[in-house]
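1. 3D model of this:
(2 chains)
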Amino acid sequence: MKIVVLVKQVPDTAEERKLDLATGQLDREAADSVLDEINERALEAALRIKDANKGAEVVAMTMGPDDATQSLRKALSMGADSAVHIVDDSLDGADTGRTAATLAAALRSTGFDVVMAGNESTDGRAGVVPAMVAEHLRLPLLGSLISAEIADDGVSGVRQGEGGTLNVRAGLPAIVTVTERFPEARFPNFKGILTAKRKHVTTLSTAELGVPTGASRTVVVSTVERPPRAAGRKLIDDGTAADELADFLVANRLV
Amino acid sequence: MSNILVLIEISHRGEIAASARGLLAAAATLGSPVAVVVSPAPLEDDDVARLGELGAARIYSAVTAAAGSVLVAPAVDALGGAVDAYEPAAILTANSVDGREAAARLAVRVGGSVLADVVQVSSENGTVVAQHSVFGGAYTVESVAEGGLPILTIRQGVIEGQAPAATADLQTVSLDAREEGVAIIDQFNDDAAVSARPELRTASTVVSGGRGLGSSENFVLVEQLADTLGAAVGASRAAVDAGYIAQTAQVGQTGVSVSPQLYIALGISGAIQHRAGMQTAKTIVAINKDEDAPIFEVADFGIVGDIFTVVPKLIEAVKARSN
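-> Numbering: from 1, shown residues only, chains lettered A, B, ... in the order given. The predicted structure is shown next:
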């Protein structure tokens, strides 16, 4: 069983994240870059399969700038066997369409039984790349699962739908995306950190993958920053604050 | 006028999804709305009439036994058929789990470009312009598709108003069921109870509780204030992780984004991830015993105090004033 986990390096959600107002692109200086937590949960799910089945192989794959190796090293130190880094200047600012086409080409060359990913990244939140990859590879997608069973003959799980959940299944190979309902990721231990340094990271360029290097087709035409909110009144409750709040709500026609 | 395809989701019980109104309203600002519907049986007259009321000029009704047993793929096949039949200028889906997967797959299949999680649409000289609210409303970004068909996923609950009613022209096609390379639905499990409270995403008032509630029993306080105000109930991630309430109530970076007229945060510290889901509310009220809680930095009205003392008094005070 070979499981490739798609991971993404994103700005830390615990910090103020910024866009460059001129380009609409992420300001990479504004917040620390981290391995996105939702991908860590996908990786955790893959590693639990490996824990139970020593024959399973887990590969972490990312597309990102040079410093995305940080996130791959973290994935390796958590327990992934190897990593694939798609890095190419021509991919700067790639939209979801280019990203998915590139990842699909890399997955074809790597080979896999199951691809796992988070349901949406915390930066873009588009939640469309795994489904695009599935269409490129003509594979079933079990998306937005809250639990999953992965076996040699197929995957099954529970999907969070709009009005309830669905029990779903597919044969292999297949693509699975996980939601926040999946367990939190393990911390890398000392041995994991040491062995990560010896694990192999394959780098791939767009030329090696044979994917087009043309510009993205979705284009940001304007980026406007919202003025920050100012703090309003703050009362220390002395027994009358509830009444004052009720008056405030009435005066502002909010009740 | 150019055709705009709209994917209408139908629940397994046969109900037209609540997202249909906003999608058709957005489509009507761009062109002539064509509702694309996939169902296991031909549409009932009531459904045809309802889609017309909501603004569908035409309905492309794809009928396939796979509609209730195969995940998303029938919707993609139907949209692909409708693209050939109507040569649309844009395609809209809900930014729901099904809607965005259908949009993503369709984009690859027909060479389209996805503009995701759109909060407003407009047309400038024939180009579809999508507006997005990024990083919890900290930025407003506009984007366009420079090549390929624009496929927009529309954030649920953000489009106001309704398209002019039409008498929909119905076209019914039968769709072949595919078995290969698809995911199968074995069972639908409905949410246990449909709440009488307003829906979180679209409510004009939201009352949210955090870790400060201390227990799931105490979370009732949030519900009592919500019911007094006719509000939806939300929660911080900490309250969800502590098991006080279901994850579907989570407001924030990775939960639901809300923009109500009034947002009341009870016992919520206001971590940056929570603020990212509610800071576009018109008026924010916070009650927390920690004077230094970051939530006070964005609150229009903050009370430093014990929620178990202040909230019951607030409920009484609001009731007294509304009598």
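2. list the contacts for the closest residue to chain A within the stretch 201-323 of chain B?
-> Nearest to chain A in the stretch 201-323 of chain B, going by Cβ to the nearest Cβ, is B:Gly305, at a distance of 2.8 Å. All C-beta atoms are positioned from the backbone trio N, CA, C, and that covers glycine. Shown in contact with B:Gly305 (Cβ atoms under 8 Å, 6 or more residues apart in numbering or on different chains): A:235-237, A:241, B:287, B:289.
3. count of residues packed around A:Ala148?
-> A:Ala148 is flanked by 21 other residues according to other Cβ atoms under 10 Å in any protein chain shown.
4. tell me the contacts of the closest residue to A:Ala83 other than its chain neighbours?
-> Take A:Ala83 and drop its neighbours on the chain: the residue closest to it by Cβ to Cβ, 6 or more residues apart in numbering or on different chains is A:Leu72, 4.1 Å away. Residues near A:Leu72 by Cβ under 8 Å, 6+ apart: A:7, A:60, A:62, A:83, A:85, A:201.
5. so for the longest strand along chain A, mean pLDDT?
-> Counting by DSSP state E, the longest strand found in chain A is strand A:141-151. Confidence over strand A:141-151 (mean pLDDT, whole number) is 97.
6. likewise stretch A:35-50?
-> Per-residue scores along stretch A:35-50 average to 97.
7. give me the distance between the closest residue to chain B within chain A and B:Ala168.
-> Using Cβ to the nearest Cβ, A:Asp237 is the residue of chain A that sits closest to chain B, at 2.8 Å. Distance, A:Asp237 to B:Ala168, using Cβ to Cβ, to the nearest Å: 56 Å.
8. for the residue nearest the centre of chain A, what are its contacts?
-> The centroid of chain A falls nearest to A:Ser121 when counting by Cα atoms, centre = their mean (3.9 Å). Neighbour list for A:Ser121: A:8, A:10, A:36, A:38-39 [criterion: Cβ under 8 Å, 6+ apart].
9. what of B:Thr205?
-> Shown in contact with B:Thr205 (Cβ under 8 Å, 6+ apart): A:254, B:226, B:229-232, B:260-264.
10. now, of the residues you listed, which are buried?
-> Neighbour counting by 16 or more other Cβ atoms under 10 Å in any protein chain shown classes A:254, B:226, B:229, B:231-232, B:260, B:262-264 among these as buried.
11. could you report the neighbour count for the residue nearest to A:Gly127 when sequence neighbours are not counted?
-> What sits nearest to A:Gly127 in space, not counting adjacent residues and going by Cβ to Cβ, 6+ apart, is A:Glu120, at 3.5 Å. Counted with other Cβ under 10 Å, residues neighbouring A:Glu120 total 24.
12. of A:Asp237 and B:Ala168, who's got more company?
-> Between A:Asp237 and B:Ala168, counted using other Cβ under 10 Å, the more crowded position is B:Ala168 (24 against 19).
13. pLDDT score for that one?
-> Confidence score, pLDDT, at B:Ala168: 96.
14. I figured it hits B:Ile59, correct?
-> Yes - B:Ala168 lies in contact with B:Ile59 (Cβ atoms under 8 Å); the separation is 4.8 Å.
15. are there residues contacting both of those two? Which ones?
-> The contact sets of B:Ala168 and B:Ile59 overlap at B:35, B:48, B:51 (Cβ under 8 Å, 6+ apart).
16. the first one: which element?
-> Assigned by DSSP states H and E, B:Ala35 belongs to strand B:32-39.
17. for that strand, which strands pair with it and how are they oriented?
-> Counting by DSSP bridges, the strands paired with strand B:32-39 are strand B:3-8 (parallel), strand B:58-63 (parallel).
18. paired strands for the helix or strand that contains B:Asp117, with orientation please.
-> Assigned by DSSP H and E, B:Asp117 belongs to strand B:113-124. Looking at strand B:113-124 with DSSP bridges, its partner strands are strand B:127-134 (antiparallel), strand B:150-154 (parallel).
19. need the CA coordinates for that strand. PDB is fine.
-> Only the C-alpha atoms of strand B:113-124 are listed here, as PDB (Å, rounded to 0.1, in the frame of the first residue of the first chain):
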ATOM      1  CA  SER B 113     -11.200  28.100 -14.500                       C
ATOM      2  CA  VAL B 114     -12.500  28.000 -10.900                       C
ATOM      3  CA  LEU B 115     -13.100  31.200  -9.000                       C
ATOM      4  CA  ALA B 116     -13.700  29.800  -5.500                       C
ATOM      5  CA  ASP B 117     -15.700  31.000  -2.500                       C
ATOM      6  CA  VAL B 118     -17.100  34.000  -4.200                       C
ATOM      7  CA  VAL B 119     -19.200  36.500  -2.200                       C
ATOM      8  CA  GLN B 120     -20.300  38.800  -5.000                       C
ATOM      9  CA  VAL B 121     -20.500  38.700  -8.800                       C
ATOM     10  CA  SER B 122     -20.600  41.400 -11.400                       C
ATOM     11  CA  SER B 123     -20.100  41.800 -15.100                       C
ATOM     12  CA  GLU B 124     -17.700  44.400 -16.600                       C
END
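20. so which bits of it are buried?
-> B:113-121.
21. over to stretch B:290-309?
-> Buried residues in stretch B:290-309 (16+ other Cβ under 10 Å): B:293-305, B:307.
22. report the distance from it to the chain centre.
-> Remark: stretch B:290-309 is offset 29 Å from the chain centroid, using Cα atoms, centre = their mean, to the nearest Å.
23. quick one: average pLDDT of that stretch?
-> Model confidence over stretch B:290-309, given as mean pLDDT, is 97.
24. repeat that for stretch A:211-231.
-> What stretch A:211-231 shows for mean pLDDT is 89.
25. picking up where we left off before, show the buried residues in the contacts of A:Leu72.
-> Judged by 16+ other Cβ under 10 Å, buried ones among these: A:7, A:60, A:62, A:83, A:85.
26. list the contacts for the first one?
-> It stands for A:Val7. Counted by Cβ under 8 Å, 6+ apart, A:Val7 has contacts A:35-36, A:39-40, A:42-43, A:60-62, A:71-72, A:75, A:117.
27. with adjacent residues omitted, what lies nearest to it?
-> Nearest non-adjacent residue to A:Val7, counting by Cβ to Cβ, 6+ apart: A:Asn39, 4.1 Å away.
28. wait, doesn't A:Phe248 sit right on B:Phe301?
-> Yes - counting by Cβ under 8 Å, A:Phe248 touches B:Phe301, with 5.3 Å between them.
29. any common contacting residues for these two?
-> With Cβ under 8 Å, 6+ apart, A:Phe248 and B:Phe301 have common neighbours A:Arg233.
30. just to revisit the earlier point, dump the buried ones among the contacts of B:Thr205 to TSV, plus secondary structure, distance to B:Asp98 and pLDDT.
-> Output for the buried ones among the contacts of B:Thr205, formatted as TSV (DSSP: H, G, I helix; E, B strand; the rest coil; distance: Cβ to Cβ, whole Å; pLDDT from 0 to 100):
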residue	secondary structure	distance to B:Asp98	pLDDT
A:Leu254	coil	35	95
B:Ala226	helix	29	98
B:Leu229	helix	32	97
B:Ala231	coil	28	97
B:Ala232	strand	23	97
B:Pro260	coil	26	96
B:Leu262	strand	31	98
B:Tyr263	strand	28	98
B:Ile264	strand	32	98
